[in-house]
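Chemist: for reference, the sequence and a predicted model appear below.
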Amino acid sequence: MRRRPGLSARLKLTISYAGVIVVSGALLLAVVWVFLLRYVPDNVITPGPGFYRQRGPGPPFIPNRFDLWHAFAPRAAQALAFLLLLGLVGGWLLAGRMLAPLTRIADAARQAADGSLSHRIRLEGPRDEFRELADVFDTMLERLESHVAEQQRFAANASHELRTPLAISQTLLDVARNDPTRNRDELIERLQSVNTRAIDLTEALLLLSRSDRRNFTREPVDLSLAAEEAAETLLPLAEKRQVTLEVTGERARTVGSPELILRMVMNLVQNAIVHNLPDGGGVTVHTAARPDASVVRVENTGPPLPPELIPTLTEPFQRGTRRIRTDEHAGVGLGLAIVHSIVRAHDGTLDLAPRPAGGLVVTVRLPGTRQDPSPTGAQQPVREPSPVV
């Protein structure tokens, strides 16, 4: 059932303004009647003998209450009618002026609903409630436009990345169909490699989507244990690349998803190993407990990084093209993007800074929890650097 449209806000305000003015005028006239006319007698007033001597010859006219009421009532009615007209006209103009910012905000909302997110209100004037609402709406439109553009760019890049292994698989199958004598073992190995890459990309996309939704269960997590587990898991990769891997620091507790935080540390350590010097590189993973945060810092060696490259490293499918990497561990371009998403989902911060001697320092700060003291009441000691490789 379709509801009938009601009165507009402007008309309601106009009626309210007019009603206030009319009621105020009526109360004023009532005060005049109660405190003035009620003291005038109803009957004919007969003046005393002394009144004629003071006023001169002839009978004077002294009005009673009935005479004053007949003279006062029409003028009071005219005054109330004028106040009503003034309230309606003035209230309509005043309400229109007061609601003009809301009209601009509504127009911007309609344009946003139609898909145009580039429009801004930019309301001028004093910083009142309407100005604050317009500024908040402009900020929302700006963030929404940025988010939509990021999602569109991400979808386009993801489609391109997913299409690449599928196209390679299709090409390999076409070649095998047209050349029955081709080595099947080689074909199977290449298809398996391409399929593994597609699976890794799909899992990374699902993980990135999950971390953005923030629908995970939060549990106590120790960043030092996550760092040790990540280092132990990636030890074969570090040995293969002849990279020295060290884990240092102390217990650093936070609250979040153990799986996502472990993946975050794994991605940081893996990136630090892969994007390193071709021989004799090093990676240091350090955890620390601060009064307001739990910190994990991953530092690696490598060639110098240009400052303009640093902000792009956390964007999806943006690989550090000037960093050392091989095709075997090129990745899908989502490592630091996933890290950034996980850190953001845990209300933390991610800082990337190039080392003067080459390489990168990645610092993650997550909300910390109270550190439990040791049984003797002393603080937990800081662990000495433990070389893994």
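Modeler: Here it is on my side, so go on.
Chemist: tell me how many other residues crowd the residue lying closest to residue 29 once chain neighbours are set aside.
Modeler: Spatial nearest neighbour of residue 29, excluding adjacent residues (CB to CB, 6 or more residues apart in numbering): residue 76 at 4.9 Å. All C-beta spots, glycine's among them, are computed from the backbone N, C-alpha and C. For residue 76, the count of nearby residues is 17 (other CB atoms under 10 Å).
Chemist: surely residue 76 meets residue 28?
Modeler: No: judged on CB atoms under 8 Å, residue 76 makes no contact with residue 28 at a distance of 9.6 Å.
Chemist: all strands of the stretch 101-250 of the chain, in order?
Modeler: Listed in chain order, the strands found in the stretch 101-250 of the chain under DSSP state E, counting those that start in this stretch are 219-222, 243-249.
Chemist: out of those strands, nearest to residue 338?
Modeler: Ranking the strands of the stretch 101-250 of the chain by distance to residue 338, with CB to CB as the measure, places strand 219-222 first at 16.7 Å.
Chemist: give me the sheet partners of that closest one and which way each runs.
Modeler: For strand 219-222, sheet partners with direction are given as strand 253-256 (antiparallel), following DSSP bridges.
Chemist: tell me which residues in the helix or strand just after the partner strand are buried?
Modeler: Heading C-terminal from strand 253-256, the first helix or strand you meet, by DSSP states H and E, is helix 258-274. By neighbour count with 16 or more other CB atoms under 10 Å, helix 258-274 contains the buried residues 258, 260-274.
Chemist: for the stretch 251-389 of the chain, give me the ranges with low pLDDT.
Modeler: Counting by pLDDT under 70, the stretch 251-389 of the chain contains low-confidence residues at 317-333, 370-389.
Chemist: what pLDDT does the spatially closest residue to residue 334 that is not a sequence neighbour get?
Modeler: Sequence neighbours aside, residue 204 is the residue nearest to residue 334 in space, at 4.3 Å (criterion: CB to CB, 6+ apart). Per-residue confidence (pLDDT) for residue 204: 73.
Chemist: check the one 10 residues further on too.
Modeler: The per-residue pLDDT reported for residue 214 equals 71.
Chemist: what do you get for the one 3 residues further on?
Modeler: Taken from the predicted model, the pLDDT recorded for residue 217 is 83.
Chemist: next one: the one 5 residues further on
Modeler: We note a pLDDT of 95 for residue 222 in this prediction.
Chemist: so what's it bridging to?
Modeler: Per DSSP bridges, the residues bridged to residue 222 are residue 253.
Chemist: what distance do you get for it to residue 118?
Modeler: To residue 118, residue 222 is 46 Å away according to CB to CB, to the nearest Å.
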